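Novice: here's my sequence, what's the structure:
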Amino acid sequence: MTDANQTNQTEKKTYHKKATGNALNTVKKHAKEEDLKLYGSCFCPFVQRVWISLEIKQIPYQYIEVDPYKKPQSLLEVNPRGLVPALRHGPTWSCHESSVLMEYLEDLNVGQALLPSNPQARATCRLWSDHINRNIIPAFYRFLQEQDAQKQVTHASELQSEIDKLVAAADPTGPFFLGPAMSFVDVQVAPWIIRLNRVLKPYRGWPEPEEGSRWARWLKAVEEDEAVLATTSGDELYLDSYERYAENRPNTSQLANAVNSGRGLP
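Specialist: Below is the predicted model:
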């Protein structure tokens, strides 16, 4: 006879270990050996930032799928913390942290630039990228991980408020942050934009944006961007992989633990 608790535990969904849909096709296209290697995990939004950047810039790269919870030796050699994303470029040099890696790809001066050439405009982009990391992303996870219904309402309002600040700072016409083309700030926030409908909507009832609003135009532009589509898996992958966050299971991730303890991003 099977214990009821044991049965319930086996039915719980967990993170996917392989990309699906469009992202899987992109993985297959970038399986061969290249000088620049991206170590990533299909469910990770921080990986997707760097992945989108590579796709926009059309820099040759090899995508290597790893399980950061198992921390294979190949990943530890690139990032001793065992976290993704991580890059190896050449035989010995490696680096990690998504925003740092995006800056590195910019400094290579290959392909489409994501930061503007004007120093003041570049600083503005970095300022609002910092806002995404300090405010929008933690608010996203506080809302998703909260189990109390009343507190969920508060966290939803906080998340919308932080998004509104970003929208107010964007080019009024858009549809992207700086205007008609995808740029650094858009890539920084894009993985969480696509997770609004795929994660927050099913788990927390996140509403559709007001039709015709600046935010609605931005969401549509990001969702339809070729590089975003190329790095996005099927909806089921996100629904399954984020159930553990929605239930706030213990030790879901370093990020989840940091949010629960009131700290910033790890």
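Novice: what's the burial count for the residue nearest to Gly40 when sequence neighbours are not counted?
Specialist: When the adjacent residues along the chain are set aside, Gly40 lies closest to Val47, with 3.7 Å between them (CB to CB, 6 or more residues apart in numbering). Using the backbone N, CA and C atoms, a C-beta is placed for each residue, glycine as well. Neighbour count for Val47, taken as other CB atoms under 10 Å: 26.
Novice: which strands and helices sit next to the longest helix anywhere in the chain?
Specialist: What stands out as the longest helix in the chain, according to DSSP state H, is helix 149-169. Applying 3 or more CB pairs under 8 Å, 6 or more residues apart in numbering; DSSP states H and E, one finds that helix 149-169 contacts helix 119-131, helix 137-145, helix 214-224.
Novice: now, of those helices, which is deepest in the fold?
Specialist: Ranked by mean neighbour count under mean count of other CB atoms under 10 Å, the helices and strands packed on helix 149-169 are led by helix 137-145, which reaches a mean of 22.
Novice: give me the phi and psi for Tyr63.
Specialist: Per-residue torsions, Tyr63: phi -100, psi 130 (degrees, to the nearest 10).
Novice: which ones are touching it?
Specialist: If you count contacts by CB atoms under 8 Å, 6 or more residues apart in numbering, Tyr63 has them with Thr26, Val27, His30, Ala31, Lys37, Leu38, Gly40, Trp51.
Novice: now Ile56
Specialist: By CB under 8 Å, 6+ apart, the contact list for Ile56 reads Gly111, Gln112, Leu114, Met182, Val187, Ala227.
Novice: most neighbours, which of these?
Specialist: Neighbour max across the contacts of Ile56 (other CB under 10 Å) = Val187, 27 neighbours.
Novice: hang on, the earlier thing: want to try a markdown table for the contacts of Ile56, with secondary structure and distance to Ile59 as columns?
Specialist: Shown next, in a markdown table, are the contacts of Ile56 (DSSP: H, G, I helix; E, B strand; the rest coil; distance: CB to CB, whole Å):
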| residue | secondary structure | distance to Ile59 |
| --- | --- | --- |
| Gly111 | coil | 6 |
| Gln112 | coil | 10 |
| Leu114 | coil | 12 |
| Met182 | coil | 16 |
| Val187 | helix | 14 |
| Ala227 | helix | 12 |
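Novice: quick one: which of the contacts of Tyr63 sit in strands?
Specialist: Judged by DSSP state E, the contacts of Tyr63 include Lys37, Leu38, Gly40 as members of strands.
Novice: where in the stretch 1-150 of the chain is pLDDT low?
Specialist: In the predicted model of the stretch 1-150 of the chain, residues 1-10 satisfy pLDDT under 70.
Novice: what segments of it are helices?
Specialist: 4-11, 21-29, 45-57, 73-78, 98-107, 119-131, 137-145, 149-169 (DSSP state H, counting those that start in this stretch).
Novice: go through these and pick out the most buried.
Specialist: Highest mean neighbour count among these (mean count of other CB under 10 Å): helix 45-57, a mean of 25.
Novice: I'd like the distance between Glu106 and Asn251.
Specialist: 35 Å (CB to CB, to the nearest Å).
Novice: many thanks, we can stop here.
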